[in-house]
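Chemist: could you work out the structure for the sequence below:
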Amino acid sequence: MAFTYAKDSSDLSRLRVKVGDVDSSRALFDDDEMNEFLAQDTNISLAAALACDALATQFARDYDFSADGASFKKGSVSSMYASRASSSFDRSGLVN
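Modeler: Numbering: from 1, shown residues only. Model prediction:
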């Protein structure tokens, strides 16, 4: 699984920044997956929306629960990425 991020203006790096996937030790996508989003849409904001939508779908399997007086809100990660997908789409200049 290759992971490339450089603080440069390459499309891959710009997409990683928009998605928040810049830490190789906690990678959300490998380079092939990110490049697939870029192949689907060369507009960085729209490619980010696709990536965030994929993450929302992935994390939708997680759930919120409470145990021993502690609450764990893992399911909220899905809604956060869904919101980011919508925000990225809106900022692209297109309307939902």
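Chemist: so the residue nearest the centre of the chain is in which element?
Modeler: Centroid-nearest residue in the chain, with Cα atoms, centre = their mean: residue 52, separated by 3.4 Å. Element membership for residue 52 (DSSP states H and E) is helix 44-59.
Chemist: list the helices and strands that helix packs on?
Modeler: Applying 3 or more Cβ pairs under 8 Å, 6 or more residues apart in numbering; DSSP states H and E, one finds that helix 44-59 contacts helix 11-19, helix 31-40, helix 76-91. For every residue, glycine as well, the C-beta is placed using N, CA and C.
Chemist: related to what we said a few turns ago, residues contacting the residue nearest to the centre of the chain?
Modeler: Counting by Cβ atoms under 8 Å, 6 or more residues apart in numbering, residue 52 touches 19, 81, 82, 84, 85, 88.
Chemist: how many residues are close by the first one?
Modeler: Around residue 19 there are 25 other residues, counting by other Cβ atoms under 10 Å.
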